[in-house]
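In: okay, here's the prediction I keep looking at, along with the sequence it came from:
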Amino acid sequence: MKKIAVMTSGGDSPGMNAAIRAVVRGGLEYGIEVYGIRQGYTGLLGGDFMLLGSREVSGIVQRGGTILQTARNLEFKTPQGQKKGLRRLNERGIEGLVVIGGDGSLHGALALHKLNFPVVGIPASIDNDIAGTSMSIGVDTALNTIIEALDRIRDTASSHSRAFLIEVMGRSCGYLALVSSILGGAEVVSTPDHEVPIEKIAATLEDAYVRGKSHAIAIIAEGVSYEMNDVVTALRDNPQVGFDVRVSILGHIQRGGNPSAFDRFLASRMGVHAIEVLHEGRSGLMVRLDGQEMGTCPIEEALENNRPIGESTYELARILSQ
Ligand code: ADP
Ligand code: F6P
């Protein structure tokens with residue numbers, strides 16, 4: 001294999017640049033030329049390729065976002081779009097592809113593999129919803145961003161004796177919400193798979209007030225079935241809660257920022273491992289963190305279900321929030 005391409009696709013996550021750098025430098029190690037595709041599957045369909053040498057990826061290991069940019073592309077979800085993508089790769093003489101992205105992007109990678117094109121996926125998404133790996137690139141940095149925000153909010157919540165409702169990202173997965181609730185000392189956490197009814201949130205905040213806590217924090221995952229506004233209305237209209245209530249939606253600050261040491265290391269290892277896998281002539285695999293080691297699993301298996309969050313983590317959150 002002499003010529004491959006790399007792309008970032010879907011929602012960006014901190015550490016994508018470190019992964020691109022590792023793919024390029026890992027490629028150089030094996031004498032493989034690496035082309036960057038701009039804006040994910042949009043750039044693939046548009047033929048937007050650029051040769052990446054060692055210098056093009058200097059000084060990016062610490063940068064959030066992605067130098068290749070990213071996109072969401074509906075056309076690539078169709079069989080015609082996928083064939084067009086394959087045609088673009090063949091026109092350029094590209095012999096393998098590394099897709100860095102979340103579960104949607106990896107579905108795209110799988111489609112190319114099924115068309116017999118050699119593909120390896122690298123899981124990168126702050127949501128940590130990809131079942132095949134214990135951690136995806138960007139999760140650790142997003143958690144650090146969330147707990148920094150929680151620490152700041154707790155200061156002002158405590159000064160004013162307030163309850164805060166904080167919405168965190170995670171699409172349909174409650175991992176960020178649950179883990180940040182443990183790390184940030186929240187009183188209650190509501191996630192798509194352990195949804196806490198609004199009345200129960202109110203009761204928990206009321207209990208914290210009655211027990212003399214100076215403030216209270218409720219973390220709500222964005223994927224729950226009710227809207228944040230419904231929670232706010234219910235709590236503000238409820239004199240039993242005791243605390244004055246404020247809301248903070250953390251939003252896209254969770255997706256940016258310099259990657260943590262953990263994410264730089266994870267991305268660096270995954271990038272080089274992806275090259276090793278392609279070099280060995282294997283395809284349709286996603287590189288994964290398996291315990292402390294790099295491993296691989298079929299992309300299809302990695303995407304079968306959302307990554308389960310162990311009941312023990314919910315139990316830990318319950319014990320520590322008392
Ligand atoms: P993420 O990769 O962060 O989960 P998306 O779910 O938005 O983000 O997916 C990113 C892109 O991957 C989509 O815009 C589309 O181009 C491609 N994609 C998603 N699902 C599929 C699919 N089932 N088949 C082919 N391509 C897909
Ligand atoms: O998948 C990553 C993620 O940040 C989710 O947590 C969130 O639901 C979604 O992307 C937001 O996407 P957009 O970039 O379209 O705002």
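Out: Ah, there it is. Ligands and ions are numbered 1, 2, ... in the order given.
In: buried ones in stretch 31-41?
Out: Buried residues in stretch 31-41, counting neighbours by 16 or more other CB atoms under 10 Å, are found at 32-41. C-beta here means a position set from N, CA and C on the backbone, and glycine is covered the same way.
In: in helices, which of these fall?
Out: The members of the buried residues of stretch 31-41 that map onto helices under DSSP state H are 40-41.
In: the buried residues of stretch 31-41: which ones sit near ligand 1?
Out: Intersecting those with the contacts of ligand 1 gives Tyr41 (criterion: CB under 6 Å from any ligand atom).
In: with distance to Val247 as added columns, please give the buried residues of stretch 31-41 in a markdown table.
Out: Shown next, in a markdown table, are those (distance: CB to CB, whole Å):
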| residue | distance to Val247 |
| --- | --- |
| Ile32 | 50 |
| Glu33 | 50 |
| Val34 | 45 |
| Tyr35 | 45 |
| Gly36 | 40 |
| Ile37 | 39 |
| Arg38 | 37 |
| Gln39 | 34 |
| Gly40 | 33 |
| Tyr41 | 36 |
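In: between the buried residues of stretch 31-41, which sits nearest ligand 1?
Out: The shortest distance between ligand 1 and any of the buried residues of stretch 31-41, using CB to the nearest ligand atom, involves Tyr41 and amounts to 4.1 Å.
In: isn't the closest one right up against Met7?
Out: Yes. Distance between Tyr41 and Met7: 7.5 Å, which falls inside the contact criterion (CB atoms under 8 Å).
In: quick one, helices of this structure?
Out: Under DSSP H, the chain gives helices at 16-29, 40-46, 79-91, 103-114, 139-160, 175-183, 198-210, 228-236, 261-279, 299-302, 311-320.
In: let's have the ones you listed in JSON lines, adding mean pLDDT.
Out: Supplementary listing: those in JSON lines, determined by pLDDT from 0 to 100:
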{"stretch": "helix 16-29", "mean pLDDT": "98"}
{"stretch": "helix 40-46", "mean pLDDT": "98"}
{"stretch": "helix 79-91", "mean pLDDT": "98"}
{"stretch": "helix 103-114", "mean pLDDT": "98"}
{"stretch": "helix 139-160", "mean pLDDT": "98"}
{"stretch": "helix 175-183", "mean pLDDT": "98"}
{"stretch": "helix 198-210", "mean pLDDT": "95"}
{"stretch": "helix 228-236", "mean pLDDT": "91"}
{"stretch": "helix 261-279", "mean pLDDT": "98"}
{"stretch": "helix 299-302", "mean pLDDT": "96"}
{"stretch": "helix 311-320", "mean pLDDT": "94"}
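In: all set now, cheers.
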